[in-house]
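*Asks:* what's the 3D shape of this:
(4 chains)
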2 protein chains.
Amino acid sequence: MARLATTSDVFNAVAEPRRRQILTLLSGGERSVNDLARQLRVRQPQASKHLRVLRQVGLVRVRGAGQQRLYALNGQGLKPIHDWVKTFERQWNESLDRLDAYLKELQKKERDDVRKR
Amino acid sequence: MARLATTSDVFNAVAEPRRRQILTLLSGGERSVNDLARQLRVRQPQASKHLRVLRQVGLVRVRGAGQQRLYALNGQGLKPIHDWVKTFERQWNESLDRLDAYLKELQKKERDDVRKR
DNA sequence: TTGACACATTCCCATATCGGCATATATTGA
DNA sequence: TCAATATATGCCGATATGGGAATGTGTCAA
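*Replies:* The predicted structure follows:
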């Protein structure tokens, strides 16, 4: 096994920048394939392929509209990522707190130094 | 170009399940390489390799301690992912709202049906 | 200095990825 | 039915990935 299939794992699906762009574009509303391909400056087959992946992991939904296929974002699909990252939220807040404390300490020292002059 | 290098992109680094596990383990505090390898049920070289990737994208920090190397989580590295996902938060809340409304509608209909009997 | 231990790096292989290109498969209108 | 348009799929090549096994490097203690 080399790597988890991109088609079965949301984290992998989103690891591809182009696919992230697609999701961002779709957050503005439904789009057709050609529409997306144009915005991404990518050929239509590539767009279709990326959309296929996104569809397979449940990040987008399709709807036929005449000879077009309109893709829509399925925001809930991102929840697993959100939830996972959220468990680390405290971590970086703590880091920032420490940085903050450190900076305050520096400033205090600075003030003290000034006073001495 | 086949895929963004896992060593240069946080999203890719985290796309590998084993690496996500490592981060989770590290959220409990510093760990040595062998320690991690044991917990992950992975051979030491694999652990080292994954840690290398995580280090290169700034998700972990190392500290030499005798002949051991203690790895620590750098939570701030995950912020880009958090921020990105957060822009979609509204999306799935809206979906949930719609679902909620739908369920309420169902219940209402149910009550009406009961009343008719 | 030597041996023991912890860790990092290198090489190899099987596999999967993404993009390009050509080609299917709808769907619509004449 | 046929042509035009929109989309999907298949095949190819270049590249990168992750695991295994072997080996290199660094640190400590005797």
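
*Asks:* And the next helix or strand past whichever strand or helix holds A:Trp84?
*Replies:* Assessed by DSSP states H and E, A:Trp84 sits inside helix A:79-86. Counting by DSSP H and E, the element after helix A:79-86 in chain order, helix or strand, is helix A:89-116.

*Asks:* State the mean pLDDT of that following helix.
*Replies:* Averaging pLDDT along helix A:89-116 yields 73.

*Asks:* Any chance you could note which residues of chain A sit beside DNA strand D?
*Replies:* Within chain A, the positions adjacent to DNA strand D are A:1-3, A:32-35, A:44-45, A:47-49, A:51-52, A:62, A:67-69 by CB under 7 Å from any atom of the strand. Where you see a C-beta, it was placed from the backbone N, CA and C, and this is true even at glycine.

*Asks:* same thing but 6 Å
*Replies:* Residues of chain A lying close to DNA strand D by CB under 6 Å from any atom of the strand are A:2-3, A:32-34, A:44-45, A:48-49, A:51-52, A:62, A:67-69.

*Asks:* By neighbours, which of those wins?
*Replies:* When neighbours are counted by other CB atoms under 10 Å in any protein chain shown, A:Leu51 leads the residues of chain A next to DNA strand D with 22 neighbours.

*Asks:* Just the element for the closest residue to that residue other than its chain neighbours, please.
*Replies:* Leaving aside its sequence neighbours, A:Leu51 sits nearest to A:Tyr71 (CB to CB, 6 or more residues apart in numbering or on different chains; 5.7 Å). For A:Tyr71, the element it lies in under DSSP H and E is strand A:68-73.

*Asks:* Between helix B:89-116 and that strand, find me the angle.
*Replies:* 100 degrees (axes from the mean of the first three to the mean of the last three CA atoms, to 10 degrees).

*Asks:* and strand A:68-73, average pLDDT?
*Replies:* Strand A:68-73 comes out at a mean pLDDT of 98.

*Asks:* what about that strand and DNA strand C, touching?
*Replies:* No - Strand A:68-73 does not reach DNA strand C (CB under 6 Å from any atom of the strand); its nearest approach is 8.5 Å.

*Asks:* helices or strands up against that strand?
*Replies:* On a contact count with 3 or more CB pairs under 8 Å, 6 or more residues apart in numbering or on different chains; DSSP states H and E, strand A:68-73 meets helix A:17-26, strand A:31-32, helix A:33-40, helix A:44-56, strand A:60-65.

*Asks:* switch to 10 Å and redo it
*Replies:* Using 3 or more CB pairs under 10 Å, 6 or more residues apart in numbering or on different chains; DSSP states H and E, the elements in contact with strand A:68-73 are helix A:17-26, strand A:31-32, helix A:33-40, helix A:44-56, strand A:60-65, helix B:89-116.
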